[in-house]
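Peer 1: Quick one: sequence plus predicted model below, questions after.
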Amino acid sequence: MNSVMKGAGYILVHTPDMIMHNGTTQTTERIVNPDSDYLKQIKSHLRPYDRVCAYYPNQTYIGNITPFELAKVEGPWQDLEAPTDDRYGLFGEIMPQDEFYLLIQAADEFELVYLDKDFVAGTLPKLAEDPIITEYILKRIREGVDQERLKKMVEEEGAEGLYKDDHLVGAVRRAHDIDPNLSAHVMIENLVSKASSVLALLYAVKNAGISPEDVEYTIDCSEEACGDMNQRGGGNFGKATAEIAGLTHSTGSDVRGFCAAPAHAVMVAASLVKAGTFKTVAVTAGGSTAKLGMNGKDHVKKGLPILEDCLGGFAVIISENDGKNPEINVENVGWHAVGTGSSPQNVIASLVTQPLAKAGLKVTDIDYYSPEMQNPDITKPAGAGNVPEANMKMIGALAVKEGDLERRDLAAFVEKHGLPGFAPTQGHIPSGVPLMGHARESMLKGEVNRVMIVGKGSLFLGRITNLFDGVSFIMEPNKGESAASSVSSDEIRKLIAESLRDFASGLLESR
Amino acid sequence: MSILNGKKVIIIGDRDGIPGPAIALCAESAGAEVIFSATECFV
């Protein structure tokens, strides 16, 4: 019996100051070309928090607008006003930067994060109003230090600053004097990833309607690495995140695979549950500071706001079959193998047509594909095109080649079975999984029958292999069999024994 | 005759489009000499 997806959390964090101080496009520019026009122009291209909340793709990501509704709104969306600008959505929220700095401190176990005392006093009551934030998290936030202490940390002790409207309000210190793996730069990246993952995980647990103690295993699938000089990628963001989220009965591990990691992690989680190893597994990932403003130069050049101004996070809860929630079909997954090759037709065949053939399905039997859900507002001005649409065209082209589709129907196929990208370009965050929350809602309402989640990963970026990677799986409505309602082998033996006893006693009576 | 025949080519492939090795095979089959081929991720 397949395991089910019980709930999801999707969060964004608006981090305008982190674009300049932590995004690699900007930090590189500050080293290479410190007087550049780009650096001077950034400030006038930043969006205020209310504009970020009123942005169509962001409201779609947190669940207040469905991707099916978004598909009816012609883009680009950056100049439009979404019908809602709520901070909170069906799946999560858009947290402002100042509150998130407190959450970073709550995620810190080694007194590396220091905040200005006036900043803490002014921001803590705001964070306390967020209904998802637990007492445990609030209690972890310390009173704060004075400005002079913070300045000394940043100017003399190599700490990374945390800024609000260019004012220093916090610092993240290095965790070792000489180990580059524990530098302030690495620590801020890792703590930001952990803190945003905690937020997504809290929402996933709440939305799944389970207790935090129900989660037995937590898999982190972000793109960061934690460890020291003797084990650079030692890891276990999963368990570290579960600790802060209050999942006291959970252990965990990390799954890595660049942008494909979330699809790998869901596949592993669904298999662990189906195998009976664990009853409930959480898959979670936080955001990446490095990618903030990644395409900022192109956006500024074209007079656009810097649209990569949010961290993204997601989490899903996979549990044993309850007879209700959508199933993760782990028997017909697709994977790009070492020997698959890199031609587009081989890639799409391995990820789409081969698993469908194994399941006895055609390309057109999938209602919606979720290949790479990058927001085209971000990628098109940067010259990377409309990524979800490009992937859909490739799937459609292969369907024509396989004879599942007439060539003349290709454009209609892309429109009918594809959806617009609505996820921030945070690497692993847009890779297939953004649709899972919406797909679950639509399946529970009986509006959608099958979706295919496709994760793709650029392994070659690590310069350890030249290979590409990808995996895919199908989500489908529950077949109505729950683990609780099914009959175990012990029960079958009992039933047979009872029948045999009845039969034997019937024979005795007939004598 | 192929326009690539005898030419040296530099290839930048796209993870979500046509990857470098696939373009390289086409270019080589058309008589080109591939002097650099890479696939990049633009997202």
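Peer 2: That came in fine, so what should we check first? Computed from a predicted structure; not experimentally measured. Numbering: from 1, shown residues only, chains lettered A, B, ... in the order given.
Peer 1: pLDDT averaged over the helix or strand harbouring B:Cys26, what's the number?
Peer 2: Assigned by DSSP states H and E, B:Cys26 belongs to helix B:20-29. In this model, helix B:20-29 has a mean pLDDT of 91.
Peer 1: Could you list the buried residues of that helix?
Peer 2: For helix B:20-29, a neighbour-count test (16 or more other CB atoms under 10 Å in any protein chain shown) marks B:Gly20, B:Pro21, B:Ala22, B:Ile23, B:Ala24, B:Ala27 as buried. Yep, even glycine has a C-beta here, placed from its N, CA and C like the rest.
Peer 1: got it, and stretch A:279-297?
Peer 2: The neighbour-count check on stretch A:279-297 (16+ other CB under 10 Å) flags A:279-297 as buried.
Peer 1: Counting only strands, which of those residues make the cut?
Peer 2: Counting by DSSP state E, the buried residues of stretch A:279-297 place A:Thr280, A:Val281, A:Ala282, A:Val283, A:Thr284, A:Ala285 in strands.
Peer 1: Would you mind checking which of the residues you listed is nearest to chain B?
Peer 2: A:Ala285 (16.0 Å; CB to the nearest CB).
Peer 1: What confidence value was assigned to the closest one?
Peer 2: 98.
Peer 1: Quick check: chain neighbours aside, which residue is closest to it?
Peer 2: Nearest-residue entry for A:Ala285: A:Ser222, 4.3 Å, with adjacent residues in sequence omitted and distances by CB to CB, 6 or more residues apart in numbering or on different chains.
Peer 1: Quick check: A:Leu127 vs A:Val205, distance?
Peer 2: Remark: distance between A:Leu127 and A:Val205 (CB to CB, to the nearest Å) = 19 Å.
Peer 1: got it, and A:Glu189?
Peer 2: When distance is defined by CB to CB, A:Glu189 is 25 Å away from A:Val205.
Peer 1: between these two, which one's more packed in?
Peer 2: Neighbour count, other CB atoms under 10 Å in any protein chain shown: between A:Glu189 and A:Val205, A:Val205 has more, with 27 against 24.
Peer 1: Give me the helices and strands touching the helix or strand where that one lies, please.
Peer 2: Assigning secondary structure by DSSP H and E places A:Val205 in helix A:184-208. For helix A:184-208, the elements it packs on are strand A:4-14, helix A:16-22, helix A:97-106, strand A:160-164, strand A:167-172, helix A:237-244, strand A:280-285, strand A:310-319, judged by 3 or more CB pairs under 8 Å, 6 or more residues apart in numbering or on different chains; DSSP states H and E.
Peer 1: OK, contacts around the residue nearest to A:Ala285?
Peer 2: Neighbour list for A:Ser222: A:Ser193, A:Ser197, A:Phe237, A:Asp254, A:Ala261, A:Ala285, A:Gly286, A:Gly287, A:Ser288, A:His428 [criterion: CB atoms under 8 Å, 6 or more residues apart in numbering or on different chains].
Peer 1: quick one: A:Tyr56 and A:His264, what's the gap?
Peer 2: Per CB to CB, A:Tyr56 is found 30 Å from A:His264.
Peer 1: what do you get for A:Gly235?
Peer 2: 15 Å.
Peer 1: between those two, who's got more neighbours?
Peer 2: A count of neighbours by other CB under 10 Å puts A:His264 above the other of A:Gly235 and A:His264, at 25 against 19.
Peer 1: what's the spacing between that one and chain B?
Peer 2: 17 Å (CB to the nearest CB, to the nearest Å).
Peer 1: I'd assumed that residue was in a helix, is it?
Peer 2: Yes: counting by DSSP: H, G, I helix; E, B strand; the rest coil, A:His264 is part of a helix.
Peer 1: need the contact list for it.
Peer 2: A:Cys221, A:Val255, A:Gly257, A:Gly455, A:Val471.
Peer 1: The closest residue to A:Val347 other than its chain neighbours: what's it in contact with?
Peer 2: Sequence neighbours aside, A:His336 is the residue nearest to A:Val347 in space, at 6.1 Å (criterion: CB to CB, 6+ apart). Going by CB under 8 Å, 6+ apart, A:His336 touches A:Val347, A:Ser350, A:Leu351, A:Phe468, A:Asp469, A:Gly470, A:Val471.
Peer 1: Residue 10 - nearest residue in space that isn't next to it in sequence?
Peer 2: This is for chain A. A:Phe91 (4.1 Å).
Peer 1: wrong one, I was asking about chain B
Peer 2: Distances taken as CB to CB, 6+ apart place B:Phe36 nearest to B:Ile10, at 4.7 Å, with adjacent residues excluded.
Peer 1: Check the gap between that neighbour and A:Thr364 for me.
Peer 2: Plainly put, B:Phe36 is 40 Å away from A:Thr364 if you go by CB to CB.
Peer 1: Tell me which of those two has more neighbours.
Peer 2: Neighbours per residue (other CB under 10 Å) separate B:Phe36 from A:Thr364, with A:Thr364 holding more: 15 against 11.
Peer 1: In three-state terms, label the more buried one for me.
Peer 2: From three-state DSSP, the assignment for A:Thr364 is helix.
Peer 1: For the residue lying closest to it once chain neighbours are set aside, grab the count of nearby residues.
Peer 2: The shortest distance from A:Thr364 to any non-neighbouring residue, by CB to CB, 6+ apart, is to A:Asp404 (5.9 Å). A:Asp404: 18 surrounding residues under other CB under 10 Å.
Peer 1: Would you agree A:Asp404 is in contact with A:Ile366?
Peer 2: No: the criterion here is CB atoms under 8 Å, and A:Asp404 misses it with A:Ile366 at 10.7 Å.
Peer 1: quick one: low-confidence ranges for chain A?
Peer 2: By pLDDT under 70, the weakly predicted segments of chain A are A:484-489, A:510-511.
Peer 1: any idea which helix or strand comes after the helix holding A:Val205?
Peer 2: Using DSSP H and E, the helix or strand that follows helix A:184-208 in sequence is strand A:217-220.
Peer 1: Direction included, what does that following strand pair against?
Peer 2: strand A:251-254 (parallel), strand A:280-285 (parallel) (DSSP bridges).
Peer 1: what residues does the last one touch?
Peer 2: The set of residues that contact strand A:280-285 without belonging to it, under CB under 8 Å, 6+ apart, is A:6, A:193, A:197, A:200-201, A:204-205, A:210, A:214-222, A:238, A:241-242, A:247, A:250, A:261-262, A:265-266, A:269, A:272-273, A:313-320, A:428-429.
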